[in-house]
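1. Model the structure of this input:
(4 chains)
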There are 2 protein chains.
Amino acid sequence: MFSKTTEYALRATIYIAQKSTADKKLGIAEIAKAIDSPQSFTAKIIQQLTRGNTLVSSVRGPNGGFFMTEKAKRLPVRVILDLMGEDSKFQTCILGLKQCSEVKPCPMHFEYKPIKDQLISLFADRSIESLAEDINTEQAFINSRNKRG
Amino acid sequence: MFSKTTEYALRATIYIAQKSTADKKLGIAEIAKAIDSPQSFTAKIIQQLTRGNTLVSSVRGPNGGFFMTEKAKRLPVRVILDLMGEDSKFQTCILGLKQCSEVKPCPMHFEYKPIKDQLISLFADRSIESLAEDINTEQAFINSRNKRG
DNA sequence: ATAATAAAGGATAAAAGTGTCCTTAAATAT
DNA sequence: ATATTTAAGGACACTTTTATCCTTTATTAT
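-> Take a look at the predicted model:
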């Protein structure tokens, strides 16, 4: 569905939302280990997520690291996709037609459309925070290890 | 959603289903032009679709080309995806977790699952032929040109 | 001020995806 | 038989994705 880059972005953000506060920042080594992703590559990706300072925040130096404000945690998952440039993913035609619309549809258009709309809602409706909470309550998981590791 | 390779495969197959019979084969030049795809690259892709001789058939030499039997036209769209190795596309976790299941779900699992199932049905239920018919009746289109273009 | 720490950013590289071109093989028409 | 036609297949090249490593910059602790 998504590129590896975006998968790491999603996992990293959810993890940061789950574990960080403004007073408890997370280092890149911890994040990469927790979400099972290549560290240097993940660093670049999180950099992208800090642009605009609306989603992930960062501080350099000792006791520095990455964190999210409570306000940022309340943002919908869609914001991550936007920052990764994948927001147009669900706008495109499933057959790759440049022009595909209600008036000039591809042969799958009218069946694919409602599914696409559900995907869009999925990411628009759920907050990053709510995903993090599911992990906190162990209703969901972000890696293959368990709490006792 | 899909790779360009798979998009070309879908468009090419639908076009072959629409325009060919065992007596009326189509050349690669015509197909590539009709679906607006790079010719040589499309040739390789259609080659893949002829493997196993269940979907697309080919004959070399004068009056040769590609075609589909009536039986092949009745196959579901899913068969194209299988031959392109994209059948696992909808099986994977949206966050890219290697292990993600009902018993150990990622935080989006239970909401993504039903959407995934709809995508699977979409490709399993509709036949290639039915897509081709929509183009024949001008209810749908496979390129940006019109019939007179 | 200096050293230590941690993210930011640049340079580079391997792998995969996308694409072209040329040769080979098979079928047909003459 | 020979020439022609058309797909099959190999070799190569460009681009994007995925990834690593090293240097620079900002912040903190001493």
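
2. In chain A, where is pLDDT below threshold?
-> For chain A, residues meeting the criterion pLDDT under 70 lie at A:144-149.

3. Can you tell me which residues in it are near chain B?
-> A:1-2, A:4, A:7-8, A:10-11, A:14, A:77, A:89, A:92, A:94-99, A:104-109, A:111-112, A:115, A:118-119, A:122, A:126, A:131-132, A:134-135, A:139-144 (CB under 8 Å from any CB of the partner chain). To be clear about C-beta, it is placed using only N, CA and C from the backbone, and glycine gets the same treatment.

4. Just the buried subset of the residues you listed, please.
-> Buried positions within these, assessed by neighbour count (16 or more other CB atoms under 10 Å in any protein chain shown), are A:1-2, A:7-8, A:10-11, A:14, A:77, A:89, A:94-97, A:105-109, A:111-112, A:115, A:118-119, A:122, A:126, A:131-132, A:134-135, A:140-143.

5. The residues you listed in strands, which ones?
-> Counting by DSSP state E, these place none of their members in strands.

6. Buried residues, stretch A:32-47. List them.
-> Here stretch A:32-47 shows A:32, A:34-37, A:42-43, A:45-46 as buried, counting by 16+ other CB under 10 Å.

7. Do any residues in that stretch lie close to DNA strand C?
-> Yes: against DNA strand C, stretch A:32-47 shows contacts by CB under 7 Å from any atom of the strand at A:40, A:43-44, A:46-47.

8. Just the C-alphas of that stretch, formatted as CSV.
-> Provided in CSV are the C-alpha atoms of stretch A:32-47 (Å, rounded to 0.1, in the frame of the first residue of the first chain):
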residue,chain,number,x,y,z
ALA,A,32,14.5,3.0,15.3
LYS,A,33,14.9,0.1,17.5
ALA,A,34,11.4,0.2,18.8
ILE,A,35,9.8,0.3,15.4
ASP,A,36,12.3,-2.0,13.8
SER,A,37,13.6,0.3,11.1
PRO,A,38,17.1,1.3,9.8
GLN,A,39,18.3,4.1,12.1
SER,A,40,20.0,6.6,9.7
PHE,A,41,17.2,6.3,7.2
THR,A,42,14.6,6.8,9.9
ALA,A,43,16.4,9.9,11.0
LYS,A,44,16.0,11.5,7.6
ILE,A,45,12.3,10.6,7.6
ILE,A,46,11.7,12.1,11.0
GLN,A,47,13.5,15.2,9.8
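
9. residues contacting the residue in chain A sticking out farthest from the centre?
-> Most distant from the centre of chain A: A:Val103, at 33.4 Å, with distances by CA atoms, centre = their mean. Going by CB atoms under 8 Å, 6 or more residues apart in numbering or on different chains, A:Val103 touches no other residue.

10. does it count as helix, strand or coil?
-> Here A:Val103 takes the coil state, with states given by DSSP: H, G, I helix; E, B strand; the rest coil.

11. can you map out the helices along chain A?
-> Using DSSP state H, the helices of chain A run over A:4-19, A:28-35, A:39-50, A:70-73, A:78-83, A:109-125, A:128-136.

12. picking up where we left off before, could you measure the residue farthest from the centre of chain A against DNA strand D, distance?
-> Noted for A:Val103: a distance of 30 Å to DNA strand D, by CB to the nearest atom of the strand, to the nearest Å.
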